[in-house]
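>>> Provided below for reference: sequence and predicted model.
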Amino acid sequence: MLKSKMFLKKTRAGGVMKIVREHYLRDDIGCGARGCAACGGAHEGPALERQPKDRASSLCPQPHYLLPDTNVLLHQIVSAWRPGTWASVASNLRLPGSLETYVEQEQGENANDRNDRAIRVAAKWYNEHLKKMSADNHLQVIFITNDRKNKEKAVEEGIPAFTCEEYVKSLTANPELIDRLACLSEEVNEIESGKIIFSEHLPLSKLQQGIKSGTYLQGTFRASRENYLEATVWIHGDNEENKEIILQGLKHLNRAVHEDIVAVELLPKSQWVAPSSVVLQDEGQNEEDVEKEEERERMLKTAVSEKMLKPTGRVVGIIKRNWRPYCGMLSKSDIKESRRHLFTPADKRIPRIRIETRQASTLEGRRIIVAIDGWPRNSRYPNGHFVRNLGDVGEKETETEVLLLEHDVPHQPFSQAVLSFLPKMPWSITEKDMKNREDLRHLCICSVDPPGCTDIDDALHCRELENGNLEVGVHIADVSHFIRPGNALDQESARRGTTVYLCEKRIDMVPELLSSNLCSLKCDVDRLAFSCIWEMNHNAEILKTKFTKSVINSKASLTYAEAQLRIDSANMNDDITTSLRGLNKLAKILKKRRIEKGALTLSSPEVRFHMDSETHDPIDLQTKELRETNSMVEEFMLLANISVAKKIHEEFSEHALLRKHPAPPPSNYEILVKAARSRNLEIKTDTAKSLAESLDRAESPTFPYLNTLLRILATRCMMQAVYFCSGMDNDFHHYGLASPIYTHFTSPIRRYADVIVHRLLAVAVGADCTYPELTDKHKLADICKNLNFRHKMAQYAQRASVAFHTQLFFKSKGIVSEEAYILFVRKNAIVVLIPKYGLEGTVFFEEKDKPNPRLIYDDEIPSLKIEDTVFHVFDKVKVKIMLDSSNLQHQKIRMSLVEPQIPGISIATDTSNTDLNGPEKKKIKLGK
């Protein structure tokens, strides 16, 4: 024991508490160097190499270890990290906690100076200690610090010390590492002109006082995709009157970046503005064009009615930066031999980033990752540094990596720590596994899934009982049997939250051994399941419900098409087909009853790509065909989810993980109501039932596709469904399904929410034991928050994958003309849907370097008059579709009007196999 302290403390209740603090130092911690005789067997964990690899440093030619100070670790280790580089060496060095290296804080010395001295003492101790390893040993410990005073003192004490930049520049074998160094501070590398652009951020203490007093508001900064001079701040807290505050202009945005937590000051009502309808992209290369920004800001301030004005504010400080590494492309400087360049992120909500690199020629035309280091007051753009080269623009592997990184989808291979918790192969069901489990292998169970599905979550059965009733079972993969609470496999599954399905790739939530093998309910093998079994009458009314863990043996793994053929075939009457027919008959009754209660049947065009077997490029693009069997499976999955939701809420009223779908506010329906009115149809939106009935009635004999278009439009009006903890919310209702309670139980292979629900249900039916986190509503709420984020990001990633493959399809297809329907009319464009491809796009009527046509926009109808032609929502048009590759960073599908003919607007049909890439540019080679 080093020392002991004892003092008395007065408690709130008025009592006196005696507190004793004892300070111990260990003397059994090794230095970490392999082969050190002085430390003997005191090593634990990974050891340093006996002879470090030669880092080819011109400053330190001898073998050496690195001892970075805390700030270098915080700011530089991630930037320069790569196996085999200096950072990976530094990470293995461990400071001993012995009496020889312990440093007491001296009188008048602050904590920071004491820590600096402690690191110097440790460096000195290491250099002395390593000499004892052997007589011919020349090992050194090099001290790395960016603190000038600390370095000077180290040199005075005879410790070899260098700044991070000095050392990295000396690594002749890795000259590119200098590009990865983070800027030391916001003041470093400021623009020479030094003109102050932004106001100073207030310190955190003042911000907290201001938020407490109500002078400032705290919220999340959300940048606009369409206008780089505009953003909104979503205010935290339920009691705030102004939930959304608009920010306009560079100075009011004040260096905030998308998703930062900021403090804003509300401007006087005389300075409030309306959201701008102007599309502005930041395409400037010259950093000193700040004066031009003021001209662009004036474009935003058009005359508007007072009703359209929204609460407006300005950023006064940053509470928390939420920067991440950003994917994008280098915009090479026009100045020859310049090291300073602008990086343009793929995400249009992120500002351009100024970086210094010596590899500009190599990185041009490639996707790279850049990190932000800081944003000085006198710089138009933030400073950053190069992190990684991803590959060529347009390469399938590169673009897939970009969309996964940009949507924060965890996609690294599973670690050994995670894989260590998988069952050892060969695996089989044991007597222990059969405890609290029913044997249902005799039942005629089958699965129905999309073609090529290997992660089969669910299987079904239906049979007639002796009493004349029907027994229907939904059997779900028992994933929670393999993923036990709290281990590395469970933590990684919780972090990933969901499986992400891209066009030709699947990012699994759980390792493949589980997702495609042991948990997948494949046919003719024994599998563990969690079964929900109902006794029903022939009118699909539930008489009894039973939940049990089980073991099943599926008799067939069918596709939707194969199941439909069996149901429709007059020649097939085997047990599987009879079961399917029974299920289909009950499903139709269940669906009819659900719709009568007010459940919505909406529409969303989904597409399927047909891939070339060799190149894996899309060769055909079609909308997905839905059969009766799709609906059959869906009905029983919904019924199982509702039954399980009721059961877990009965048992765990405060700790059930549920899913709700909030009712949209009336304003969301305006576009749908107006569009229907333009076709002399009435859509009622006061309840889900009235909306469903209105959509059922909204039909036109001369325009059969109208009803589908209305349902697509209604889908856009909906709110996002979310997971929540029952003890943290009062509103459980699922609007779209017209169900008072709902959860997710049926897909535990691909959704972590279902794993938690399985655990809750297992405890409820006595099939498994509980654990503390399962009944902690605050921890459950945190899990729900992550699941909602992961689910949203997965949806965005899937859409981005579809968009990229659509671009590949039209790149090879060339220019095509197709019939389309207008979904929305804008002030200068129409948004159309092409049913053949399930493709949506915008036809613009204003182009650069062309005279603008006469446009009259009517928001009430809504309609857009171009010259003498009027366009309404749902009008049929013909458009030309082509790939616009003029901007490599943001390639897009471009649409132009073919019919109706408008002089100067419509273009002639031309199906030549070209894109807008300019004259015969070299075709980008696509990876297999």
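Noted; the coordinates are in hand. Residues are numbered from 1 along each chain as shown.
>>> Only C-alpha atoms from now on, for both contacts and neighbour counts.
Will do.
>>> Identify the single longest helix in this structure, thanks.
helix 777-813 (DSSP state H).
>>> and it, which residues are buried?
By neighbour count, with 16 or more other CA atoms under 10 Å as the criterion, the buried positions of helix 777-813 are 777, 780-781, 783-784, 786-788, 790-791, 793-794, 796-811, 813.
>>> Tell me the helix or strand right after it.
Next helix or strand after helix 777-813 toward the C-terminus (DSSP states H and E): strand 816-825.
>>> so what does that following strand touch, helix or strand wise?
On a contact count with 3 or more CA pairs under 8 Å, 6 or more residues apart in numbering; DSSP states H and E, strand 816-825 meets strand 829-834, strand 869-872, strand 876-884.
>>> packing partners for the shortest one?
Packed against strand 869-872 by the contact rule (3+ CA pairs under 8 Å, 6+ apart) you find strand 816-825, strand 863-866.
>>> What strands line up against it, and which way round?
According to DSSP bridges, strand 869-872 has the following sheet partners: strand 863-866 (antiparallel).
>>> List of residues touching the strand it pairs with?
For strand 863-866, contacts defined as CA atoms under 8 Å, 6 or more residues apart in numbering pick out 825-827, 853-858, 870-873.
>>> Okay, the nearest residue to Asn436 once chain neighbours are set aside and Lys777: tell me how far apart.
By the measure of CA to CA, 6 or more residues apart in numbering, the closest residue to Asn436 outside its immediate chain neighbours is Ala767, 5.5 Å from it. Using CA to CA, to the nearest Å, we find Ala767 at a distance of 22 Å from Lys777.
>>> Equivalent analysis for Leu363, please.
For Leu363, the distance to Lys777 equals 49 Å [CA to CA].
>>> do Glu104 as well
As judged by CA to CA, Glu104 and Lys777 stand 43 Å apart.
>>> Same check on Ala529?
From Ala529 to Lys777 the distance is 27 Å (CA to CA).
>>> any idea how far Arg759 is from the residue nearest to Asn436?
Per CA to CA, Ala767 is found 9 Å from Arg759.
>>> So if I had to pick from these two, which one is more boxed in?
Between Ala767 and Arg759, Arg759 has the larger neighbour count (other CA atoms under 10 Å), namely 23 against 15.
>>> Run through who's touching the helix or strand harbouring that one.
For Arg759, the host element (DSSP H and E) is helix 752-764. By CA under 8 Å, 6+ apart, the list of residues contacting helix 752-764 from outside reads 478-480, 493-494, 497-498, 509, 530, 549, 644, 647-648, 651-652, 656-657, 723, 743-748, 768-770, 774, 784, 787.
>>> Need the buried ones from the residues you listed selected in PyMOL.
The buried residues among the contacts of helix 752-764 can be selected in PyMOL (16+ other CA under 10 Å) with this line:
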select buried, resi 478+479+480+493+494+497+498+509+530+549+644+647+648+652+656+657+723+743+744+745+746+747+748+768+774+784+787
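>>> Just the ones of the contacts of helix 752-764 in helices?
Secondary structure from DSSP H places 493-494, 644, 647-648, 651, 784, 787 of those in helices.
>>> quick one: low-confidence ranges for the stretch 51-200 of the chain?
Under the criterion pLDDT under 70, the flagged ranges of the stretch 51-200 of the chain are 51-55, 74-99, 133-137, 175-176, 183-194.
>>> and Asn730, that one's in a helix?
No. Counting by DSSP: H, G, I helix; E, B strand; the rest coil, Asn730 is located in no helix; its state is coil.
>>> What distance do you get for it to Leu626?
Using CA to CA, we find Asn730 at a distance of 36 Å from Leu626.
>>> now do Val103
Relative to Leu626, and taking CA to CA, Val103 is found at 72 Å.
>>> who has more neighbours, the two?
Val103 (14 against 10).
>>> Leu528 is in what secondary structure piece?
Secondary structure here is read from DSSP H and E; on that basis Leu528 sits in strand 526-536.
>>> Let me know the secondary structure of Ala371.
Ala371 carries the three-state label strand when classified by three-state DSSP.
>>> ugh, wrong one, Ser603
Classification of Ser603 by three-state DSSP places it in coil.
>>> Isn't it up against Ile712?
Yes. Using CA atoms under 8 Å, Ser603 is in contact with Ile712, at 4.8 Å.
>>> Could you export the helix or strand harbouring Ala123 as CSV, CA atoms only?
Ala123 is located in helix 111-130, with elements delineated by DSSP H and E. What follows is the C-alpha trace of helix 111-130 in CSV, where atoms were taken according to Å, rounded to 0.1, in the frame of the first residue of the first chain:
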residue,chain,number,x,y,z
ALA,A,111,-3.2,17.6,-13.5
ASN,A,112,-2.1,18.0,-17.2
ASP,A,113,1.5,18.8,-16.2
ARG,A,114,1.6,15.9,-13.8
ASN,A,115,0.4,13.5,-16.6
ASP,A,116,3.1,14.9,-18.9
ARG,A,117,5.8,14.4,-16.3
ALA,A,118,4.5,10.8,-15.6
ILE,A,119,4.8,9.9,-19.3
ARG,A,120,8.4,11.3,-19.4
VAL,A,121,9.3,9.3,-16.2
ALA,A,122,7.9,6.2,-17.9
ALA,A,123,9.8,6.8,-21.1
LYS,A,124,13.1,7.3,-19.1
TRP,A,125,12.4,4.2,-17.1
TYR,A,126,11.8,2.1,-20.2
ASN,A,127,15.1,3.2,-21.8
GLU,A,128,17.0,2.3,-18.7
HIS,A,129,15.1,-0.9,-18.2
LEU,A,130,15.5,-2.2,-21.8
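>>> Format the helices and strands packed on strand 816-825 as CSV; extra columns: mean pLDDT, mean neighbour count and distance to Ser224.
Below are these laid out as CSV (pLDDT from 0 to 100; neighbours: other CA atoms under 10 Å; distance: least, CA to CA, whole Å):
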stretch, mean pLDDT, mean neighbour count, distance to Ser224
strand 829-834, 87, 21, 19
strand 869-872, 88, 16, 28
strand 876-884, 88, 22, 23
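>>> Would you reformat those as CSV and include distance to Ala540?
Putting the helices and strands packed on strand 816-825 into CSV (distance: least, CA to CA, whole Å) gives the following:
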stretch, distance to Ala540
strand 829-834, 38
strand 869-872, 44
strand 876-884, 42
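>>> what's the closest of these to His890?
Using CA to CA as the criterion, the shortest distance between His890 and these is 9.0 Å, found for strand 876-884.
>>> Just name whatever secondary elements the closest one is in contact with.
Of the remaining helices and strands, those touching strand 876-884 by 3+ CA pairs under 8 Å, 6+ apart are helix 777-813, strand 816-825, strand 892-899.
>>> Show me the one of the ones you listed that comes nearest Thr400.
helix 777-813 (7.3 Å).
>>> rewinding a little: name the next helix or strand following the helix holding Ala123 along the chain.
Per DSSP H and E, the first helix or strand lying C-terminal to helix 111-130 is strand 140-144.
>>> residues making contact with that following strand?
Taking contacts as CA under 8 Å, 6+ apart, the residues outside strand 140-144 that touch it are 62-69, 72, 120, 123, 126-127, 130, 159-164, 167.
>>> could I have it exported to CSV, CA atoms only?
Once side chains and other backbone atoms are set aside, the C-alpha atoms of strand 140-144 remain, and they are given as CSV (Å, rounded to 0.1, in the frame of the first residue of the first chain):
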residue,chain,number,x,y,z
GLN,A,140,15.1,2.5,-27.5
VAL,A,141,11.8,4.0,-26.6
ILE,A,142,10.9,7.1,-28.6
PHE,A,143,8.6,9.6,-27.0
ILE,A,144,6.0,11.1,-29.5
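>>> quick one, the next helix or strand along the chain from that strand and strand 140-144 angle?
If you walk from strand 140-144 toward the C-terminus, the next helix or strand you reach (DSSP H and E) is helix 148-156. Relative orientation of helix 148-156 versus strand 140-144 (axes from the mean of the first three to the mean of the last three CA atoms, to 10 degrees): 160 degrees.
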